[in-house]
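**Q** predicted model follows, preceded by the sequence.
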Amino acid sequence: MMGEFHDNIVLNARHEILSDKLLSKEKELYELNMKNVNKTDANFSFSGRSRIIKDGLLSCIAVWFQCDMGNNTILSNAPDPPPTYWGRTSFPIYPPISVSMGQIVHWTLSLYGVNLMK
C-alpha cells in the first residue's frame, strides 16, 4: 500500500512507487510456475489485511513481481531494485484515505479473464 499517489488510471506503467512511500510491509500474494501455467492460473482473488507502518494518505495499492530466472538471477520490478522495462501496477484509491500507524486496513484484489496462453 502506498501513499501520495494521485492517478486514477489502473495500468501497468512506470509509476514512481518507491519504498519510502509505502505505508505497509509487502505481502506475497501469488506464486506462478511459468513452466506449468494454464489459462486459468491468472484468475485469482486475494483478500488480506495490512498493518499501516506510518501515518499517511493511502492513495493506491501497488503490486509488482519477482521472477526467479535460475542460476541465482532474480528479475524484479519491486520498488528497491534497479528500474526495469516493466513498471509497477497500481490500483488507485480515490479519494485517498487518511491512515495512521498501527491501523489495520482490509483489502481485496481480484483479476479475472486474463488468458496467459496467448
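**A** Noted; the coordinates are in hand. Numbering: from 1, shown residues only.

**Q** which stretches of the chain aren't confidently modelled?
**A** Scanning the chain for pLDDT under 70 picks out 1-16, 34, 37-42, 112-118.

**Q** for it, list the residue farthest from the centre, please.
**A** Using Cα atoms, centre = their mean, the residue of the chain lying farthest from its centre is Asn71. It sits 25.6 Å away.

**Q** which ones are touching the nearest residue to Ala78 once chain neighbours are set aside?
**A** Spatial nearest neighbour of Ala78, excluding adjacent residues (Cβ to Cβ, 6 or more residues apart in numbering): Trp64 at 4.8 Å. Backbone N, C-alpha and C define where each C-beta goes, glycine included. Residues near Trp64 by Cβ atoms under 8 Å, 6 or more residues apart in numbering: 17, 76-79, 88-89.

**Q** gap between Trp64 and Ser90?
**A** 10 Å (Cβ to Cβ, to the nearest Å).

**Q** mutual contacts of those two, please.
**A** Ile17.

**Q** restrict the helix or strand harbouring Pro96 to CA atoms and write it as PDB.
**A** Per DSSP states H and E, Pro96 falls inside strand 88-99. This file holds the C-alpha atoms of strand 88-99, laid out as PDB (Å, rounded to 0.1, in the frame of the first residue of the first chain):
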ATOM      1  CA  ARG A  88       4.500  -1.400 -11.300                       C
ATOM      2  CA  THR A  89       0.800  -1.900 -11.400                       C
ATOM      3  CA  SER A  90      -1.200   0.400  -9.200                       C
ATOM      4  CA  PHE A  91      -4.900   0.200  -8.100                       C
ATOM      5  CA  PRO A  92      -5.800   3.800  -7.200                       C
ATOM      6  CA  ILE A  93      -8.000   4.500  -4.200                       C
ATOM      7  CA  TYR A  94     -10.000   7.700  -4.800                       C
ATOM      8  CA  PRO A  95     -10.500   9.700  -2.800                       C
ATOM      9  CA  PRO A  96      -7.300   8.900  -0.800                       C
ATOM     10  CA  ILE A  97      -7.900   7.700   2.800                       C
ATOM     11  CA  SER A  98      -6.000   9.100   5.800                       C
ATOM     12  CA  VAL A  99      -4.400   6.300   7.800                       C
END
